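*Asks:* Provided below for reference: sequence and predicted model.
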Protein chains: 2
Amino acid sequence: MSSKIISRAVIKRLPRYYRYLSELMEHNIVRISSKELSERMNVTASQIRQDFNNFGGFGQQGYGYNVEYLYSEIGKILGLERDHNVIIIGAGNVGKALINYPDFAKRGFIFTAIFDSDPNLVGRKIGNCLVKSVDELETYVKENEVEIAALTIPKSVAPEVAGNLVKWGVGAIWNFAPTDLNLPKNVIVENVHLAESLMRLSYRIKDSEK
Amino acid sequence: MSSKIISRAVIKRLPRYYRYLSELMEHNIVRISSKELSERMNVTASQIRQDFNNFGGFGQQGYGYNVEYLYSEIGKILGLERDHNVIIIGAGNVGKALINYPDFAKRGFIFTAIFDSDPNLVGRKIGNCLVKSVDELETYVKENEVEIAALTIPKSVAPEVAGNLVKWGVGAIWNFAPTDLNLPKNVIVENVHLAESLMRLSYRIKDSEK
């Protein structure tokens, strides 16, 4: 693999391509031109070709891309050719929503455990997992392969929990707490800040009223 | 207000500034220099000044920004100086999580109703709302002021429900369904595609292993 640096904007679009290709496959579409893909996705055809050229272009011939091949290649780029173990810290509504979301398992994200500090929740079954006490977190993380930890806990405790997870060996955090975690540079953090998304919506409503 | 076009990247950063300023206020910090703000937020000071210059610069003087003033001005830009009514379609875990999320009400996003098609959920209380039947949705939207509809329903039904909401007068959709909605250009759509966020995380894990 070349060590070419791919821009954040391209990386942001890759999962969207992947999702579209998966929908095409569900509809038994075998081949698609960049023009058709562009019309469906509302991205220009030249943008698509430019994005794909970052990865060698995926061998488009005169009559378009092979959908299954393109899906499989983009999947490999996204690291989806193997499973990823995910634990969830926080068995509230967001934690429950994640565990029950059908799309994640399909993409190879396997929720292996969920933890909470509330003794009333410990032992309950959510999806296929029994809620464990956070007291067991350190041992669990050290004894099992945990690639990703999803943090669905209040912002008051998120930085400390994240710091501990990293100390115990977790390398990637999917953060739903509305705060930044300030972890070492080598830790991979992907934030889902719902309040910020809602504020962008509000900005666009205001902007449209001008 | 000038009709200057503000870039998407700036708009993306504004809610983050707003969140940081709110945290500073919680800690009774009255004034902050762009240098200090930059260190806390991990953005360069020149980026901050450049972003703020889009809006006239917020009157930084030699000794920094007035936190409360800056918070209030950015709030106005984001349209947060007034409340927004939000309804939720889908009383599953994501819908429940949204209604119970403390930060939204604080920012003026008021959940006024939640709807579901499951008769077993209709009539149940979630947060301060009783779950209503989707059969009542059309009448509710036409008789009440609904600015934003959050869609927390499966992708198989999301485009149709979104199309109806728009037909009945809703102008902004906060979409959690893992699909694009293809609505008229004047409708404001903000997507929260969790699977895509997780795939970006997976990409970055793979990329870090090179």
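*Replies:* Cool, the structure landed. Everything quoted here is computed from the prediction, not taken from an experiment.
*Asks:* For stretch A:18-30, give me every contacting residue.
*Replies:* A:32, A:37, A:40-41, A:66-68, A:70-71, A:74-75, A:78, A:80, B:178-179, B:193, B:195-196, B:199 (Cβ atoms under 8 Å, 6 or more residues apart in numbering or on different chains). Every C-beta, even on glycine, is put in place using the N, C-alpha and C of the backbone.
*Asks:* Extract the C-alpha set from that stretch and format it as PDB.
*Replies:* As requested, C-alpha coordinates have been extracted for stretch A:18-30 and formatted as PDB (Å, rounded to 0.1, in the frame of the first residue of the first chain):
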ATOM      1  CA  TYR A  18     -19.900   2.200   0.700                       C
ATOM      2  CA  ARG A  19     -23.500   2.600   1.900                       C
ATOM      3  CA  TYR A  20     -24.700   3.500  -1.700                       C
ATOM      4  CA  LEU A  21     -22.900   0.500  -3.200                       C
ATOM      5  CA  SER A  22     -24.500  -1.800  -0.500                       C
ATOM      6  CA  GLU A  23     -27.900  -0.400  -1.500                       C
ATOM      7  CA  LEU A  24     -27.100  -1.100  -5.200                       C
ATOM      8  CA  MET A  25     -26.200  -4.700  -4.400                       C
ATOM      9  CA  GLU A  26     -29.500  -5.100  -2.500                       C
ATOM     10  CA  HIS A  27     -31.200  -4.100  -5.700                       C
ATOM     11  CA  ASN A  28     -29.100  -6.600  -7.700                       C
ATOM     12  CA  ILE A  29     -27.400  -3.800  -9.700                       C
ATOM     13  CA  VAL A  30     -24.100  -5.200 -11.100                       C
END
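*Asks:* Return the set of buried residues in that stretch.
*Replies:* Neighbour counts over stretch A:18-30 (16 or more other Cβ atoms under 10 Å in any protein chain shown) mark A:18, A:19, A:20, A:21, A:22, A:23, A:24 as buried.
*Asks:* and if you look at stretch A:58-74?
*Replies:* In terms of neighbour count (16+ other Cβ under 10 Å), stretch A:58-74 has its buried residues at A:60, A:64, A:65, A:66, A:67, A:70, A:71, A:73, A:74.
*Asks:* My guess is the last one contacts residue A:13. True?
*Replies:* No - applying Cβ atoms under 8 Å as the test, residue A:74 and residue A:13 come out as separate, 10.1 Å apart.
*Asks:* Just the CA trace of the lengthiest strand in chain A, in PDB.
*Replies:* Ranked by residue count, the top strand of chain A under DSSP state E comes out as strand A:109-116. What follows is strand A:109-116 as a C-alpha-only set of coordinates in PDB (Å, rounded to 0.1, in the frame of the first residue of the first chain):
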ATOM      1  CA  PHE A 109     -18.600  -4.300  14.500                       C
ATOM      2  CA  ILE A 110     -19.200  -6.800  17.300                       C
ATOM      3  CA  PHE A 111     -20.400  -5.500  20.600                       C
ATOM      4  CA  THR A 112     -18.700  -7.800  23.100                       C
ATOM      5  CA  ALA A 113     -19.600  -6.200  26.400                       C
ATOM      6  CA  ILE A 114     -21.500  -3.200  28.000                       C
ATOM      7  CA  PHE A 115     -20.600  -1.600  31.300                       C
ATOM      8  CA  ASP A 116     -22.500   0.700  33.700                       C
END
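*Asks:* Quick check: mean pLDDT of the helix ranked longest in chain A?
*Replies:* Secondary structure assigned by DSSP state H gives helix A:8-26 as the longest helix of chain A. Helix A:8-26 shows a mean pLDDT of 91.
*Asks:* ok, now stretch A:77-97?
*Replies:* 95.
*Asks:* for stretch A:40-56, same thing?
*Replies:* Throughout stretch A:40-56, pLDDT has a mean value of 86.
*Asks:* From start to finish, how long is that stretch in a straight line?
*Replies:* The first and final residues of stretch A:40-56 sit 23 Å from each other (Cα to Cα, to the nearest Å).
*Asks:* of the buried residues of stretch A:18-30, closest to residue A:189?
*Replies:* Nearest to residue A:189 among these: residue A:18, at 21.4 Å, using Cβ to Cβ.
*Asks:* ends of stretch A:22-39, how far apart?
*Replies:* Taking Cα to Cα as the measure, stretch A:22-39 stretches 16 Å from start to finish.
*Asks:* Make sure residue A:187 is actually in contact with residue A:172.
*Replies:* Yes - under the criterion of Cβ under 8 Å, residue A:187 makes contact with residue A:172 at 7.1 Å.
*Asks:* quick one: which of those two has more around it?
*Replies:* When residue A:187 and residue A:172 are compared on other Cβ atoms under 10 Å in any protein chain shown, the one with more neighbours turns out to be residue A:172, at 22 against 17.
*Asks:* ok, now which ones touch the nearest residue to residue A:133 once chain neighbours are set aside?
*Replies:* Leaving aside its sequence neighbours, residue A:133 sits nearest to residue A:122 (Cβ to Cβ, 6 or more residues apart in numbering or on different chains; 4.8 Å). If a contact means Cβ under 8 Å, 6+ apart, then residue A:122 has A:116, A:131, A:132, A:133 as its contacts.
*Asks:* how much space between residue A:104 and chain B?
*Replies:* Counting by Cβ to the nearest Cβ, to the nearest Å, the separation of residue A:104 from chain B is 6 Å.
*Asks:* how about the longest strand of chain A, does it reach chain B?
*Replies:* Yes - judged by Cβ under 8 Å from any Cβ of the partner chain, strand A:109-116 comes into contact with chain B at residue A:109.
*Asks:* so what does the next helix or strand after that strand touch, helix or strand wise?
*Replies:* Using DSSP states H and E, the helix or strand that follows strand A:109-116 in sequence is strand A:125-126. Using 3 or more Cβ pairs under 8 Å, 6 or more residues apart in numbering or on different chains; DSSP states H and E as the contact criterion, the secondary-structure elements in contact with strand A:125-126 are helix A:93-100.
*Asks:* Give me the contact list for the following helix or strand past the helix it packs on.
*Replies:* Secondary structure here is assigned by DSSP H and E; on that basis, the next helix or strand after helix A:93-100 toward the C-terminus is helix A:102-106. Contacts with helix A:102-106, where a contact means Cβ under 8 Å, 6+ apart, come from A:86, A:98, A:111, B:178, B:194, B:195, B:198.
*Asks:* Go again with 7 Å.
*Replies:* Contacts made with helix A:102-106 from outside it, assessed by Cβ atoms under 7 Å, 6 or more residues apart in numbering or on different chains, are listed as B:178, B:195, B:198.
*Asks:* Any buried residues in it, and which?
*Replies:* Using 16+ other Cβ under 10 Å as the test for burial, helix A:102-106 gives A:103, A:104.
*Asks:* Right, I'll call it a day here.
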